[in-house]
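Undergrad: attaching a predicted model along with its sequence, questions to come.
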Amino acid sequence: MRFVLASASPARLAVLRAAGVEPVVRVSGVDEDAVAAALVDPSPAELVTALAVAKAEAVAGDERDAVVVGCDSMLLTADGRLQGKPGTVEVARERWQRMAGTTGTLLTGHAVLRLKDGQVADRAAAHEATSVRFGTPTEDELEAYLATGEPLGVAGAFTLDGLGGWFVDGIDGDPSSVIGISLPLTRRLLRQVGVTVSDIW
Ligand SMILES: Nc1nc2c(ncn2[C@@H]2O[C@H](COP(=O)(O)OP(=O)(O)OP(=O)(O)O)[C@@H](O)[C@H]2O)c(=O)[nH]1
């Protein structure tokens with residue numbers, strides 16, 4: 001079955017490939033700020049789920065028979081801030097100075113659309129929440145990490161499976177969701193739209 005990943009995320013692609021799926025990658029190009037602005041006081045979970053739906057829907061229009069999956073990840077910090085990608089060293093530094101030694105929640109919205117004959121025959125969406133216990137990098141370690149550039153382009157300014165792993169003391173929940181796509185949740189959403197995971201791996 002044709003499996004379309006509506007995401008530019010190399011991490012999501014890697015998780016799916018390691019799990020036996022060879023997705024067709026179609027980047028949605030969704031304006032995330034515009035989607036967020038159209039929502040009325042969404043909860044963090046509602047926001048990431050709405051963004052995942054928007055990404056999947058943006059790509060689905062060109063598909064005839066396929067499963068289309070979209071995701072969106074953000075970090076909800078212990079002091080209640082919802083954060084995407086920091087973008088700059090300054091922002092990533094400020095975030096780490098606040099979050100070191102605390103526990104945050106990495107939220108990933110997921111949307112699955114089942115296309116048949118060019119129509120959305122079925123759909124399912126949900127979010128996964130994973131607690132992340134951050135370590136406390138020394139000032140030198142933090143500056144070295146920032147200098148690698150890795151934290152700038154990932155939600156929450158950290159990775160679990162990359163250089164950031166040195167600074168994550170532990171998680172409570174699904175690790176694949178932190179990296180970018182929850183395999184167990186995606187399996188459940190696929191089942192809701194009549195697709196068995198072994199149909200796609
Ligand atoms: N490798 C890795 N990437 C992470 C981790 N946490 C967050 N990310 C990445 O951070 C990015 C979060 O931004 P999103 O807006 O959800 O996705 P994106 O990369 O912009 O790509 P789109 O789906 O096309 O929007 C994703 O690429 C995630 O895979 C992690 O622990 N490991």
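TA: Received the coordinates, thanks.

Undergrad: which one's the longest strand in this protein?
TA: strand 119-134 (DSSP state E).

Undergrad: show me what it is packed against.
TA: helix 44-60, strand 103-116, strand 168-172, helix 175-179, helix 183-192 (3 or more C-beta pairs under 8 Å, 6 or more residues apart in numbering; DSSP states H and E). (Each C-beta comes from the backbone N, C-alpha and C, glycine too.)

Undergrad: flag every residue of this protein that's near the ligand.
TA: Within the chain, the positions near the ligand by C-beta under 6 Å from any ligand atom are 7-9, 11-12, 27-28, 55, 71-73, 85, 154-155, 159-162, 178-180.

Undergrad: what's the PyMOL line that selects buried ones from those?
TA: Only the buried members of the residues of the chain next to the ligand end up in this PyMOL selection, burial being decided by 16 or more other C-beta atoms under 10 Å:
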select buried, resi 7+9+11+12+28+55+71+72+73+85+154+155+159+160+178+179+180
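
Undergrad: same question for stretch 25-35, mean pLDDT?
TA: Here stretch 25-35 scores 96 as its mean pLDDT.

Undergrad: residues making contact with it?
TA: 4-8, 13, 50-51, 54-56, 58-59, 62, 70, 72, 84 (C-beta atoms under 8 Å, 6 or more residues apart in numbering).

Undergrad: let's see it at 7 Å
TA: 4-8, 13, 50-51, 54-55, 58-59, 70 (C-beta atoms under 7 Å, 6 or more residues apart in numbering).

Undergrad: got it, and stretch 190-201?
TA: Contacts of stretch 190-201 (C-beta under 7 Å, 6+ apart): 1, 3, 19-21, 67, 112, 114, 122-124, 187.

Undergrad: among these, name the buried ones.
TA: Looks like the contacts of stretch 190-201 have 3, 21, 67, 112, 114, 123-124, 187 buried, using 16+ other C-beta under 10 Å.

Undergrad: and which of these is nearest to the ligand?
TA: Nearest to the ligand, judged by C-beta to the nearest ligand atom, of the buried ones among the contacts of stretch 190-201 is residue 112 at 14.1 Å.
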